[in-house]
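Asker: got a sequence here, can you build the structure:
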Amino acid sequence: MATLRLDKVLCDLGLGSRREVRDWIRAGRVAVDGAVIRTPEQKLDPAAASVTLDGKPLRYQSYHYFMMDKPEGVITATEDPKQPTVLDLLPPELRRLGLFPVGRLDKDTSGLLLLTDDGDFAHRVTAPKSGVSKRYLAEVEGEPDADDVSAFSEGLVLGDGAQCLPAGLECLGGNRCIVTVQEGKYHQVKRMLASRGKPVLKLRRLSIGALELDDSLGFGGFRELNEQELCTVFLDRKPKT
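Answerer: Below you'll find the model as predicted:
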C-alpha cells in the first residue's frame, strides 16, 4: 500500500479534524510501531504499521461501508440547507469520513440504503450493467394481479417513453406486492406501478443483491458491513423457503 501522512491516516479514521489530529500528534499522543511520533507529516504504510492513540491500537481502512435503515422524511443527500439528510443521522466521527449514499431513495421511501466512501463500489452497485437487483415492498392503491406480473416481466414503457428492463412483481395478497428491479431510473418503482393503475402508497427497500436489511436496526439505525456482507451485494438473493 502507498505511504500516507500520519495526520491523514488519523483523519481517514474519522477520529477528528485535520487540525485536531495534528495537535494530538504534536502532543505526543500518537505512536507508530511503538515510537512516539510528533511530526504530522511523517509518512507510513498504514496497512503495515502499528499505530496507537493514547496507547489504544487503531485499525486503518481504505474504505468504509455501512448499511442504514433509512426512515421516511429524510432525503438521500450528503447535505441540504433546508431538509435533514441521511448523513445527519450519523455521529460526527462518521460524517468526517466523507461517506455518501449509494444510489438514492425518495424522501418518502424507507429501507435499505448503503453509505460508503468508495466510488468504484458505488458505481458497481448502481450501474445497470452490473445486474445488481433491488427489492422493494410496496403498498398500492388497488390489487396487483397476474396481468401486472406479466407486464413487469416483459419490461414496461413509461409515460415519457422510458424503457424499463424486465422486472419482477410478486403479489402478496391485498394491496401489497414485492417489486424487484435491476436499474434505478427516477422514481422508477413508483412510476412502473402507477403505469399499471396501482399508485404507490408506501414503499420500503428490503434488499440489494443478496444483502438484506437488518430489521434490528430500526428506522435511522445503521451499522458497518463486514467483508462477507459486502460480497453478497453482488450475488443473487435466494428465495426463502
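Asker: and Val132, that one's in a helix?
Answerer: No - under DSSP: H, G, I helix; E, B strand; the rest coil, Val132 falls outside any helix and is assigned coil.
Asker: how about it, what does it touch?
Answerer: For Val132, the contact set (C-beta atoms under 8 Å, 6 or more residues apart in numbering) comprises 124-126, 182, 208-209, 233-234. Where you see a C-beta, it was placed from the backbone N, CA and C, and this is true even at glycine.
Asker: which one among those gets closest to Gly111?
Answerer: Ile208 (9.7 Å; C-beta to C-beta).
Asker: what's the burial count for the closest one?
Answerer: 25 (other C-beta atoms under 10 Å).
Asker: before we move on, what about Gln163?
Answerer: 9.
Asker: residue ranges with poor pLDDT in the protein?
Answerer: Applying pLDDT under 70 to the chain flags residues 1, 238-241.
Asker: picking up where we left off before, drop anything exposed from the contacts of Val132.
Answerer: Among the contacts of Val132, those buried by neighbour count (16 or more other C-beta atoms under 10 Å) are 125-126, 182, 208-209, 233-234.
Asker: which ones among these lie within strands?
Answerer: In strands, judged by DSSP state E, the following of those are found: Ile208.
Asker: quick check: which element contains the residue nearest the centre of the chain?
Answerer: Nearest residue to the geometric centre of the chain (C-alpha atoms, centre = their mean): Leu114, 0.8 Å. Per DSSP states H and E: Leu114 is located in strand 109-116.
Asker: which other helices and strands does that strand contact?
Answerer: strand 65-70, strand 100-101, helix 119-126, strand 200-208 (3 or more C-beta pairs under 8 Å, 6 or more residues apart in numbering; DSSP states H and E).
Asker: ok, which of these comes nearest Glu79?
Answerer: It's strand 100-101; of those, that one is closest to Glu79 (C-beta to C-beta) at 10.1 Å.
Asker: partners of the closest one, with directions?
Answerer: strand 109-116 (antiparallel) (DSSP bridges).
Asker: wait, what's in contact with the nearest residue to Leu206 once chain neighbours are set aside?
Answerer: Nearest-residue entry for Leu206: Arg135, 4.9 Å, with adjacent residues in sequence omitted and distances by C-beta to C-beta, 6 or more residues apart in numbering. Contacts for Arg135 (C-beta under 8 Å, 6+ apart) come out as 178-180, 205-208, 237.
Asker: bridging residues for Arg135?
Answerer: According to DSSP bridges, beta-bridge pairing links Arg135 with Thr180, Ser207.
Asker: quickly find the element holding the residue nearest to Val36 when sequence neighbours are not counted.
Answerer: For Val36, ignoring the flanking residues on the chain, the nearest one in space by C-beta to C-beta, 6+ apart is Gly28 at 5.0 Å. Under the criterion DSSP H and E, no helix or strand holds Gly28.
Asker: contacts for stretch 35-52, please.
Answerer: Contacts of stretch 35-52 (C-beta under 8 Å, 6+ apart): 1-7, 9-10, 21-22, 25-28, 30-34, 57-58, 60.
Asker: make it 10 Å
Answerer: Applying C-beta atoms under 10 Å, 6 or more residues apart in numbering, the external contacts of stretch 35-52 come out as 1-13, 18-19, 21-34, 57-62.
Asker: stretch 156-164 too?
Answerer: Residues contacting stretch 156-164 (C-beta under 10 Å, 6+ apart): 148, 151-152, 154-155, 165-167, 181-183, 185-189, 191-196.
Asker: report the distance from that stretch to the chain centre.
Answerer: Chain-centre distance of stretch 156-164: 27 Å, with C-alpha atoms, centre = their mean, to the nearest Å.
Asker: may I have that stretch as PDB, with CA atoms only?
Answerer: Extracted in PDB, the C-alpha atoms of stretch 156-164 (Å, rounded to 0.1, in the frame of the first residue of the first chain):
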ATOM      1  CA  LEU A 156     -42.600  -1.600 -19.200                       C
ATOM      2  CA  VAL A 157     -42.500   1.600 -21.200                       C
ATOM      3  CA  LEU A 158     -43.300   4.600 -19.000                       C
ATOM      4  CA  GLY A 159     -45.300   7.600 -20.000                       C
ATOM      5  CA  ASP A 160     -42.200   9.600 -21.000                       C
ATOM      6  CA  GLY A 161     -41.100   6.800 -23.300                       C
ATOM      7  CA  ALA A 162     -38.500   5.400 -20.900                       C
ATOM      8  CA  GLN A 163     -38.000   1.700 -21.500                       C
ATOM      9  CA  CYS A 164     -37.600  -0.300 -18.300                       C
END
